[in-house]
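Asker: need a structure here:
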Amino acid sequence: MSKKVAQVIVETLQSAGVKNCYGIVGDTLNTFATSLSRSDIKFVHMRHEEAGAFAAQGEALLMDRLTAVAGSCGPGSLHFINGLYEANRNRAPVILIASQIVRSELGFDFIQEVNFQDVYRGCSLFCEMILTPDQALRKTVMACQAAISKRGVAVLIVPVDIADSDAATEPPFRVHVNKPVIRPSDEDLDQIADMLAEGTNITIYAGSGCVDAHDEVVELAERLKAPVAHTSRGKDQIEYDNPNNVGMTGVIGTESGYHAILNCDTLLLLGTDFAWRQFYPEHAKIIQVDIDSTHIGRRHPVNLGVVGNIKDTLQALLPRMAQREDAAFLNTYLERHKKALKAQAQRATPGPRGKIPGQYLTSIINRLANQDALFAADDGTPLVWMLRMVEANGKRRMFGSLLHGTMATSIGNAIGLQQAQPGRQVIALAGDGGFSMLLGDVLTTVQENLPIKIAVYDNGKLGFVELEQKGEGMLPIYTNLTNPDFGKVAEAMGLWGKTVSKADELEGAVAEWLGQPGPALLNVKVEPMELVMPPFTAPEAVYGMAMYSIKAVMHGKAGDVFEMIGENL
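Answerer: Numbering: from 1, shown residues only. Predicted coordinates:
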C-alpha cells in the first residue's frame, strides 16, 4: 500500500522534534489523525481549540521545541486564532495543521469553507496550502523550518483530498534545527564598550531575550557596578542569584527598578522590547541589543542599536570591559529595592476580619510550592501577584499573557507544561473570569490524567478591569461575576476540589491542595477590594481614583470606598 500525504506530514513533524499535537478531531482531519495515531506523536484531545493553542505554546516555550496543533475545516481551525496570536507574539515555535475542504469546492462558498490564508496572515510567519501531493514534503519542511528558525507560528493548510492522496516521490527535503552564533561586529562591540566606559550611572534593563545568558548579564553588571532591572518576561532569567537585581519596572513593577532606569545616564537594553515609552529615560544614552533587528529603536530612540543573541554578544563584549569600583549608584537602588521588597512582604498578610488578599494567597503558594514548580497565570491580578510574589530561583518558570493580554491562558498553558514534563509540579493561577471562560478544558486535566494544581482567585468580578475603570474616574460597569462554588464544580468534574474563605484556614488548605496526587482545584474567596499599587502615582490616576470615590459616595456606595481604603491603606 502506498504512503498517504497525511503520513508524509506526520513523519516530517516527528523528524522536526514534535512530541505532542493538541486539538479536536473532525471530518477533514480524520485521515491526518489516523496517521498521527500510528506515530510517536501523542494527540492531546482538548475541549476547546483555543486552549489547545495555549497548551502548545506553553510546551514550545518550556522545551524550546516545535509543537503542533491540528483542527478540522472551518470553525475547528478558526478556534485556534486567539491562542496562535498569543504564541506568535511570544515567539513560540508552533505549527497548525489546518485541514480544509476538498479543492474542487474551494471558491464556491461551500459549507465550512474559510480562507485560512487571509485569517492567519496576521499571526503567523508562514501560511501556505499544499496544492498538490508532490508539494507535501517540501511545504511541510518549509513550515517547520519557519516556525523553528524564525520562532513563531507556521500554518500549513491541508485540503482533505490532498491528505488522503497517495504521496508523490519528492527529493529528500528535511528540517534543519541548528542554532547559529549571532553577535555584532568587532567594531560595534568596541563602540558599545566605549559608550559604557564613558557612562557614570549605568543601568542594565534585561528582557526575555536574556534566556541562557544569566551568568553573562550578572558578570557584566558586576564589572559596571550597574543595577539590573528586568521586564516581567525577563524575571525567570534575571531575578535569581543576581546581587545587582533591583526588580521589575512598568506599572506592575517596583519603584527601585522604575527609578534605576529613569535616573541613569547610560541605559543598556538587553533582549527587551518593552512597549511603554514613559518608562524610558529622556536624557540618557541608550544602547540596545536584540536578536530581532525590527525591535531596534522602535519603542524609544536609541543612540546605538545592534543585532545579536544576548549570550553570544556578552561573551564577546566582556573581555572589552574593565572592572569599576564606584558602586554608589548601584548601592542606592539596591537599598531602595530592599525597602520595596519589605513593603511588599508587609502587604502579603491576612486582611481584616479574616479576609484573604490575593497577595497573601500567592505568598503561601510561593512558600509551599516545589523549588522547580512551573507556574501559569491568567491575565489580570493573578498574573500581577505571580510576578510580584513568586520567587524565581533558576529552576522555576512563570508563564502569562504579557504581550497579548488575553484572558484564560492559565489552564491551557498548564496542560502543555504538564504534558511536556509529566513529573514536574505545575500550578495554574486562574482568575474567576478567565477560569470560567475556558472551563471545559478542566475536563482535559481529568481525561489526560494531568496532575495540575489550579488555584481560582474568586473575587466575583473582572478585578483588573474594574481597577482600570476606577483609575479613569468611572464607577465600575459590567465587571461583576455571579460564580458557582468552583470547589464543588471541580468535584462534579472528577477532580479534587475545595473552597476556602477564611485566612486562618488558608495555609492548611494550600498544603492539602498541593499534596493531591492528581488534578486538584482550590477555590479561594479573595478580597475584592484589593488594589494593585504601581511603582509611582501618576496625577491622572490620583485624580481618577478621587473622582471614582466622589461618584461612589454620591451613588450611595460610600461603604465600598471606605472598604477599599481600609483594605489597602
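Asker: those helices in the stretch 351-500 of the chain, which residues are they?
Answerer: Counting by DSSP state H, counting those that start in this stretch, the stretch 351-500 of the chain has these helices, from start to end: 358-368, 381-389, 410-420, 432-437, 442-447, 463-471, 486-493.
Asker: Tell me which other helices or strands the second one touches.
Answerer: The one in question is helix 381-389. Using 3 or more Cβ pairs under 8 Å, 6 or more residues apart in numbering; DSSP states H and E as the contact definition, the elements that helix 381-389 packs against are helix 358-368, strand 374-377, strand 426-431, strand 453-458, helix 463-471. Heads up, the C-betas are built off the backbone N, CA and C, glycines and all.
Asker: pLDDT (mean, whole number) over stretch 80-87?
Answerer: Throughout stretch 80-87, pLDDT has a mean value of 98.
Asker: Give me the residues contacting that stretch.
Answerer: Outside of stretch 80-87, the residues within contact range by Cβ atoms under 8 Å, 6 or more residues apart in numbering are 23, 49-54, 56-57, 60, 69, 71, 94, 96, 98, 119-120, 122-124, 152-153, 155, 401, 403-404, 406, 409, 412.
Asker: and those residues, which are buried?
Answerer: Those of those that meet the buried threshold are 23, 49-54, 56-57, 60, 69, 71, 94, 96, 98, 119-120, 123-124, 152-153, 155, 401, 403-404, 406, 409, 412, by 16 or more other Cβ atoms under 10 Å.
Asker: Strands of the stretch 151-300 of the chain, residue ranges please.
Answerer: Listed from the start of the chain, the stretch 151-300 of the chain has strands (DSSP state E, counting those that start in this stretch) covering 153-159, 202-206, 228-230, 245-248, 266-270, 285-290.
Asker: Comparing those strands, which comes out most buried?
Answerer: For the strands of the stretch 151-300 of the chain, the stretch with the most neighbours on average is strand 228-230, a mean of 31; neighbours defined as mean count of other Cβ atoms under 10 Å.
Asker: Paired strands for it, with orientation please.
Answerer: According to DSSP bridges, strand 228-230 forms sheet pairs with strand 202-206 (parallel), strand 245-248 (parallel).
Asker: by how many degrees do the helix or strand where His337 lies and helix 381-389 diverge?
Answerer: Assigning secondary structure by DSSP states H and E places His337 in helix 328-347. In terms of direction (axes from the mean of the first three to the mean of the last three Cα atoms, to 10 degrees), helix 328-347 departs from helix 381-389 by 130 degrees.
Asker: for helix 328-347, packing partners?
Answerer: Using 3+ Cβ pairs under 8 Å, 6+ apart as the contact criterion, the elements in contact with helix 328-347 are strand 245-248, helix 255-262, helix 358-368.
Asker: quick one, which of these is nearest to Thr444?
Answerer: Nearest to Thr444 among the helices and strands packed on helix 328-347 is helix 358-368 (22.2 Å), distances taken as Cβ to Cβ.
Asker: What are the neighbouring residues in contact with the nearest residue to Asp265 once chain neighbours are set aside?
Answerer: In space, not counting the residues next to it along the chain, Asp265 is nearest to Asn201; the distance is 4.9 Å by Cβ to Cβ, 6 or more residues apart in numbering. Asn201 makes contact with Asn263, Cys264, Asp265, Thr266, Phe329, according to Cβ under 8 Å, 6+ apart.
Asker: In these, which residue is surrounded by the most others?
Answerer: For these, counting by other Cβ atoms under 10 Å, the largest number of neighbours falls to Cys264: 26 neighbours.
Asker: Is the closest residue to it other than its chain neighbours bridged to anything, and to what?
Answerer: Leaving aside its chain neighbours, Cys264 sits nearest to Thr203 (3.9 Å; criterion: Cβ to Cβ, 6+ apart). Beta-bridge pairing of Thr203 under DSSP bridges involves Leu267.
Asker: hang on, Thr203 packs against Pro227?
Answerer: Yes. Using Cβ atoms under 8 Å as the test, Thr203 is close enough to Pro227 to be in contact (5.4 Å).
Asker: any common contacting residues for these two?
Answerer: Residues within reach of Thr203 and of Pro227 at once, by Cβ under 8 Å, 6+ apart, are Ala260.
Asker: I'd like the distance between the nearest residue to Tyr360 once chain neighbours are set aside and Leu506.
Answerer: The shortest distance from Tyr360 to any non-neighbouring residue, by Cβ to Cβ, 6+ apart, is to Ala348 (5.1 Å). Counting by Cβ to Cβ, to the nearest Å, the gap between Ala348 and Leu506 amounts to 12 Å.
Asker: Overlap in contacts, those two.
Answerer: Shared contacts of Ala348 and Leu506 (Cβ under 8 Å, 6+ apart): Tyr360.
Asker: where does this structure dip in pLDDT?
Answerer: Counting by pLDDT under 70, the chain contains low-confidence ranges at 1, 464, 467-468, 470-472, 474, 531, 533-569.
Asker: same thing but 80
Answerer: Applying pLDDT under 80 to the chain picks out residues 1-2, 250-251, 462-477, 529-569.
Asker: list the contacts for the residue nearest in space to the middle of it?
Answerer: Ranked by distance to the mean C-alpha position of the chain (Cα atoms, centre = their mean), the top residue is Gly400 at 3.2 Å. Applying Cβ under 8 Å, 6+ apart, one finds that Gly400 lies in contact with Ser232, Ala376, Ala377, Asp378, Asp379, Leu383, Met386, Leu387, Thr409, Ser410.
Asker: Phe173 too?
Answerer: Taking Cβ under 8 Å, 6+ apart as the definition of contact, the neighbours of Phe173 are Leu137, Arg138, Val141.
Asker: could the residues you listed be laid out in JSON lines, adding neighbour count?
Answerer: As requested, those are arranged in JSON lines below (neighbours: other Cβ atoms under 10 Å):
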{"residue": "Leu137", "neighbour count": "23"}
{"residue": "Arg138", "neighbour count": "14"}
{"residue": "Val141", "neighbour count": "19"}
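Asker: Sort out for me which of the residues you listed are in strands.
Answerer: Judged by DSSP state E, these include no members of strands.
Asker: Restrict the one helix or strand Thr313 maps to to CA atoms and write it as PDB.
Answerer: If you go by DSSP H and E, Thr313 is part of helix 310-317. The C-alpha atoms that make up helix 310-317 are tabulated as PDB, following Å, rounded to 0.1, in the frame of the first residue of the first chain:
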ATOM      1  CA  ILE A 310      22.400  38.200  24.200                       C
ATOM      2  CA  LYS A 311      24.600  35.400  25.400                       C
ATOM      3  CA  ASP A 312      26.800  35.400  22.200                       C
ATOM      4  CA  THR A 313      27.100  39.200  22.400                       C
ATOM      5  CA  LEU A 314      28.000  39.500  26.000                       C
ATOM      6  CA  GLN A 315      30.600  36.700  25.800                       C
ATOM      7  CA  ALA A 316      32.300  38.800  23.100                       C
ATOM      8  CA  LEU A 317      31.800  42.100  25.000                       C
END
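Asker: so how many other residues sit close to the closest residue in space to Lys395 that isn't next to it in sequence?
Answerer: If the residues on either side of it in the chain are set aside, Lys395 comes closest to Asp372, at 4.0 Å by Cβ to Cβ, 6+ apart. By the measure other Cβ under 10 Å, the count of residues near Asp372 is 13.
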